[in-house]
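# coordinates for the following, if possible.
(one chain, ligands or ions: 1)
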Amino acid sequence: MYYLGLIILALVVIQLVVFSYEQIVRVRRTRYIFSLEKVLLKKKIDNVVAQNTKKNDAEWAWSGWRKFRIKSVVNESSHIKSFYLVPHDGKKLPRFNPGQYLTFRLKIPGISKPVVRCYSLSDSGDQREHYRVSIRKQIAPASDPEAIDGIASCYFHQALEEGDILDVKAPTGKFWLDITEKTPIVLVAGGVGVTPMLSMINTLDQIGSKREVWLFYGVKNIEQLIMSDHLKQMSIKHNGFHLHHFFSAPGTFGVRAPGSGNHGHISCESIFQLGAPLAADFYICGPGAMMDSMVSGLHVHGVSEARVHFESFGPAGINRGVAKPEVLPEKSETTIPVTFGLSDKTIMWSSASGTLLEAAEAAGIQIESGCRAGSCGTCLTAVIEGEVSYIEDPDSDVEKGSCLTCIAVPKTKLRLNA
Ligand code: FES
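Coordinates of the predicted model:
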């Protein structure tokens with residue numbers, strides 16, 4: 001009887017164990033299915049959101065010129081102002097890739113033709129309420145009596161104010177950050193070249209990216225820094241955001257700045273000494289000399305061309321690095337005659353002459369230009385005789401029988417209507 005009781009008890013215990021085990025397995029399976037469903041549901045929601053976002057972007061995109069109203073103007077420093085722009089039609093805006101720019105057509109009193117200029121977008125590309133450009137007032141250096149103040153930037157600074165309406169083309173440009181990537185990024189900015197970097201940083205912040213970001217920001221002195229409090233806040237908010245300033249002529253202002261301050265110009269050596277990772281994507285924007293030294297320095301350090309992105313800033317705003325002789329097709333001693341019919345001038349073009357626009361400017365021939373990157377169409381010039389080839393694909397439509405001189409080189413003997 002005693003043993004029978006023990007056997008019954010053992011059977012009950014075994015049943016209980018089996019039952020408990022089954023329960024545990026069932027609960028685990030339910031949890032697993034639930035988490036799987038959660039992941040699938042999130043994916044579905046993300047897909048729907050992405051599709052809707054794309055749909056909205058397409059719906060709110062525009063081609064040609066669109067009217068924008070200046071919503072507000074903010075002084076960022078003694079020489080840089082930010083202009084917040086909203087569509088005059090009251091509709092939303094499409095997102096843009098951080099690093100891209102806007103093209104403006106300015107009707108400046110006293111100037112017969114509209115002036116076309118491009119300025120980088122400086123705020124997050126992931127919002128639809130406004131666009132922001134931050135523009136430096138271009139003052140001719142006293143050391144150069146021939147130089148004149150920048151027509152467009154002075155117009156922005158001195159004449160335009162809240163409520164004014166401007167003609168604006170949609171964001172464009174090939175210098176932009178792929179926010180879907182995960183690689184560390186190193187941003188090297190000189191002066192107002194920090195504006196596209198601000199757009200990149202703000203976009204990453206807005207989408208909640210955890211990406212490692214290094215910003216090396218060079219100016220003459222602390223007075224010329226813009227949005228330094230904002231950048232300082234970013235470096236506090238994000239562990240992976242490293243901010244370093246460089247002051248080439250600190251003078252009486254010293255080097256006290258939010259973030260660390262370094263004397264001198266930014267160089268490849270200095271950024272790596274400060275800890276920039278070699279296995280990163282590099283974005284460089286600033287004066288031509290800084291860009292050249294950084295691009296060649298990175299090349300020497302073995303960084304592949306595909307990971308080096310650059311855009312230079314000239315007096316007219318953006319001046320893309322597309323026209324550099326080293327990216328022109330086949331360096332050779334061959335020369336090609338190019339005649340500018342209206343100016344009655346013929347030059348012997350060689351690969352060192354750069355694009356047709358640069359060659360014309362070097363010969364003292366005026367061709368209107370804006371983006372200098374094949375986007376705005378301002379430099380469109382009729383080809384009377386001969387053929388051209390492009391050093392990169394034009395972004396804007398090219399009329400038959402004409403060429404965009406800012407990205408074109410002669411293929412054959414050429415005659416242009418300029
Ligand atoms: S200057 Fe804009 S397309 Fe040539």
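
# once you drop chain neighbours, what's closest to residue 107?
residue 114 (5.4 Å; Cβ to Cβ, 6 or more residues apart in numbering). Heads up, the C-betas are built off the backbone N, CA and C, glycines and all.

# give me the pLDDT value at the one you found.
Predicted confidence (pLDDT) at residue 114: the value is 89.

# residues near it, how many?
15 (other Cβ atoms under 10 Å).

# do the same with residue 234
20.

# what residues sit buried inside the helix or strand containing it?
Assessed by DSSP states H and E, residue 234 sits inside helix 228-237. For helix 228-237, burial by neighbour count (16 or more other Cβ atoms under 10 Å) applies to 228, 231, 234, 235.

# over to stretch 62-77?
66, 68, 69, 70, 76, 77.

# that one: how far from the chain's middle?
On the basis of Cα atoms, centre = their mean, to the nearest Å, stretch 62-77 sits 17 Å off its chain's mean C-alpha point.

# now do stretch 67-80
Using Cα atoms, centre = their mean, the offset of stretch 67-80 from its chain centre is 19 Å.

# so who does the residue in the stretch 51-200 of the chain positioned nearest to the ligand touch?
In the stretch 51-200 of the chain, the residue that lies nearest the ligand is residue 116 (7.0 Å; Cβ to the nearest ligand atom). For residue 116, the contact set (Cβ atoms under 8 Å, 6 or more residues apart in numbering) comprises 103, 104, 105, 106, 368, 369, 370, 371, 376, 378.

# if we can go back for a sec, pretty sure the residue nearest to residue 107 is in contact with residue 104, am I right?
No - counting by Cβ atoms under 8 Å, residue 114 does not reach residue 104; the two are 9.3 Å apart.

# will you turn the buried residues of stretch 62-77 into CSV that also has secondary structure?
Listed next are these as CSV, based on DSSP: H, G, I helix; E, B strand; the rest coil:
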residue, secondary structure
66, strand
68, strand
69, strand
70, strand
76, coil
77, coil
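
# close to the ligand: what parts of the stretch 101-250 of the chain are there?
Residues of the stretch 101-250 of the chain found near the ligand (Cβ under 6 Å from any ligand atom): none.

# shaky segments in the stretch 101-250 of the chain?
Along the stretch 101-250 of the chain, no part satisfies pLDDT under 70.

# show me where it has its helices.
For the stretch 101-250 of the chain, the helices defined by DSSP state H, counting those that start in this stretch occupy 151-158, 194-206, 228-237.

# so which residues make contact with the helix or strand encompassing residue 296?
When elements are assigned from DSSP H and E, residue 296 belongs to helix 288-300. The contact list for helix 288-300, computed with Cβ under 8 Å, 6+ apart, reads 188, 190, 193, 218, 265-269, 282, 284-285, 305, 308, 310-312, 314, 319, 321.
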